[in-house]
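Q: Got a sequence here, can you model it:
(one chain, ligands or ions: 1)
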Amino acid sequence: MAKCLICESEYQPFVDFGQMPIANAFASKEDIRNEYTFPMKVGFCGKCKMVQLVDQPDREMMFHENYAFFSSTSNYMKQHFKKFADSVSQLQALNKSSFVVEIGSNDGIMLQNFINDEVPCLGVEPSKNVAEVARQKGIEVVTKFFDLGLSEKIVQLHGKADAILSANVMCHIPYMHSIYEGVKALLKEDGVFIFEDPYLGEVIEKTSFDQIYDEHVFLFSALSISHLARMHDLELVDVAHQVTHGGSMRYTIAHKGAKSVSPNVAKLLAKECTIGLDNEMPYSGFADSVDRIKMDLIKLLKQLKIEGKKVVAYGATSKSTTVTNYFGIKSDLVECIYDTTPIKQNKLSPGAHIPVRPYEQFHSS
Ligand code: SAM
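A: Residues are numbered from 1 along each chain as shown. Next up, the predicted model:
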């Protein structure tokens with residue numbers, strides 16, 4: 001039995017991936033000798049409806065001065081965050097006297113839009129290398145992990161925020177209660193906390209098990225987020241589906257009673273109950289579905305090899321770490337991975353040790 005990180009109820013894991021490496025730990029030949037792994041199991045808490053990893057590596061092992069994920073390498077995501085920032089500016093009528101905080105601001109992909117519009121903002125980003133890139137864009141960044149203590153310091157130094165934003169970060173943080181207390185302390189009375197993360201409904205619907213890796217402690221739904229918000233006297237006031245990262249949800253949270261609640265919230269909660277995200281049922285067949293995908297893919301890769309075909313991969317993503325390691329795919333089946341991120345190039349992929357080569361060599365190979 002495992003203990004829920006949100007409500008401390010006991011639950012049984014519904015899928016066990018075995019030992020997994022850190023998904024972004026691309027390493028040289030010398031470094032892989034001491035490669036860290038952890039047991040990756042996922043469970044559903046029937047009481048607060050949260051889907052979560054049973055064990056999590058220490059946060060400093062994942063987020064540090066060599067963090068390999070630079071948000072701005074994707075032009076598509078640059079456009080996405082421009083639209084995200086514009087929608088927040090409109091919603092909160094932001095201007096030169098407003099204040100925006102982003103949790104997990106990475107290389108400034110979202111906040112650069114507020115800088116362009118002269119809206120005062122602050123990034124919170126513990127991974128020093130990506131934070132430095134944001135600073136070079138003129139963004140003020142605190143290189144610390146966000147929690148209640150840091151939130152109180154931000155209030156002392158800058159005052160309260162009109163908007164607290166976050167994308168693909170909340171699901172990474174196990175200590176949610178300190179985050180929500182921090183948000184509550186930092187948010188103005190009419191402020192909004194808007195965040196987006198991969199959506200549980202789509203993970204279950206598409207068996208997109210590759211959304212599960214060390215950094216993704218939680219897979220959120222409107223059910224689990226509304227429960228968590230209520231625990232802190234906050235309220236889920238809107239939800240909006242996003243196509244990013246294989247299907248995400250944007251959640252808007254406000255102080256209880258401060259904003260009107262969109263009908264989208266009740267609609268999504270009802271839909272989640274209809275597809276059974278509130279009970280054990282959809283999770284029970286998940287592990288078998290993953291194993292069927294595993295059998296099919298391995299069969300295909302072996303067949304291609306017999307036919308003398310060359311198989312390479314494009315994009316050394318965090319998600320692919322779960323696929324290659326759980327399926328046992330090594331360089332005998334996938335010769336190499338091409339990627340545009342310099343910090344990953346000429347290294348070996350985590351656990352599977354497939355060589356990562358620069359994108360420029362993709363067409364000439
Ligand atoms: N928001 C960006 C995006 O969507 O492209 C970056 C997402 S990246 C997957 C997660 C980021 O969250 C990393 O830059 C990491 O350093 C940061 N992070 C992790 N834990 C954090 C915490 N407790 N407080 C603030 N940032 C955190």
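Q: pLDDT score for the nearest residue to residue 170 once chain neighbours are set aside?
A: Using CB to CB, 6 or more residues apart in numbering and skipping residues adjacent in sequence, the residue nearest residue 170 is residue 195, 4.9 Å away. For the C-beta atoms, the positions are set from N, CA and C on the backbone; glycine is no exception. What the model reports as pLDDT for residue 195 is 98.
Q: can you count the residues close to residue 195?
A: 25 (other CB atoms under 10 Å).
Q: doesn't residue 173 make contact with it?
A: No. Using CB atoms under 8 Å, residue 195 makes no contact with residue 173, being 10.7 Å away.
Q: So for residue 365, what's the pLDDT?
A: For residue 365, pLDDT reads 65.
Q: typo on my end, residue 287
A: For residue 287, the predicted pLDDT is 94.
Q: go on, residue 66?
A: Taking residue 66 on its own, its pLDDT is 78.
Q: That one - that's part of a helix, no?
A: No. Counting by DSSP: H, G, I helix; E, B strand; the rest coil, residue 66 falls outside a helix, being coil.
Q: Skip the chain neighbours and tell me the closest residue to residue 29.
A: residue 348 (6.8 Å).
Q: Which residues are in contact with that neighbour?
A: By CB atoms under 8 Å, 6 or more residues apart in numbering, the residues touching residue 348 are 26, 27, 28, 29, 32, 354, 355, 356.
Q: residues near the residue nearest to residue 2 when sequence neighbours are not counted, how many?
A: In space, and not counting its chain neighbours, residue 2 is closest to residue 54: 4.5 Å by CB to CB, 6+ apart. Neighbours of residue 54 under the rule other CB under 10 Å: 19.
Q: ok, residue 54 touching residue 45?
A: No. Using CB under 8 Å, residue 54 is not in contact with residue 45; the gap is 11.0 Å.
Q: At the contact with the ligand, which residues of this protein appear?
A: Proximity of the chain to the ligand (CB under 6 Å from any ligand atom) is limited to residues 63, 67, 69, 71, 77, 103-104, 106, 109, 124-127, 130, 145-146, 167-169, 172-173.
Q: hmm, 5 Å instead?
A: Residues of the chain lying near the ligand by CB under 5 Å from any ligand atom: 63, 71, 103-104, 106, 124, 126-127, 145-146, 167-169, 172-173.
Q: Need phi/psi at the closest residue to residue 69 other than its chain neighbours.
A: In this structure, residue 69 finds its nearest non-sequential neighbour in residue 24, 6.0 Å apart by CB to CB, 6+ apart. Note on residue 24: its backbone torsions stand at phi -110, psi 10 [degrees, to the nearest 10].
Q: separation between residue 24 and residue 220?
A: 21 Å (CB to CB, to the nearest Å).
Q: So which residue is dead centre in the chain?
A: residue 168 (3.4 Å; CA atoms, centre = their mean).
Q: in what helix or strand does residue 18 lie?
A: In this assignment (DSSP states H and E), residue 18 forms part of strand 13-21.
Q: Mind listing the strands that strand pairs with, and their directions?
A: strand 37-44 (antiparallel) (DSSP bridges).
Q: Show me how far the partner strand is from its chain's centre.
A: The chain centre lies 16 Å from the centre of strand 37-44; the measure is CA atoms, centre = their mean, to the nearest Å.
Q: After it, which helix or strand is next?
A: strand 51-53.
Q: for that following strand, packing partners?
A: Contacts defined by 3 or more CB pairs under 8 Å, 6 or more residues apart in numbering; DSSP states H and E place strand 51-53 against strand 37-44, strand 218-219.
Q: Past it, which element shows up next along the chain?
A: helix 59-62.
Q: With adjacent residues omitted, what lies nearest to the residue nearest to the centre of the chain?
A: Residue 168 sits nearest to residue 197 (CB to CB, 6+ apart), 6.1 Å away.
Q: The one you found reaches residue 171, doesn't it?
A: Yes. With contact defined as CB under 8 Å, residue 197 reaches residue 171; the gap is 4.2 Å.
Q: where do the contact lists of these two overlap?
A: Taking CB under 8 Å, 6+ apart as the contact rule, residue 197 and residue 171 both touch 218, 220.
Q: all helices for the stretch 201-350 of the chain, in order.
A: Using DSSP state H, counting those that start in this stretch, the helices of the stretch 201-350 of the chain run over 222-231, 263-274, 281-284, 286-306, 318-327.
Q: For those, give me JSON lines that also has mean neighbour count.
A: Below are these laid out as JSON lines (neighbours: other CB atoms under 10 Å):
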{"stretch": "helix 222-231", "mean neighbour count": "21"}
{"stretch": "helix 263-274", "mean neighbour count": "15"}
{"stretch": "helix 281-284", "mean neighbour count": "15"}
{"stretch": "helix 286-306", "mean neighbour count": "13"}
{"stretch": "helix 318-327", "mean neighbour count": "22"}
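Q: looking at the ones you listed, which has the lowest confidence?
A: When I compare these, helix 281-284 is least confident, with a mean of 90.
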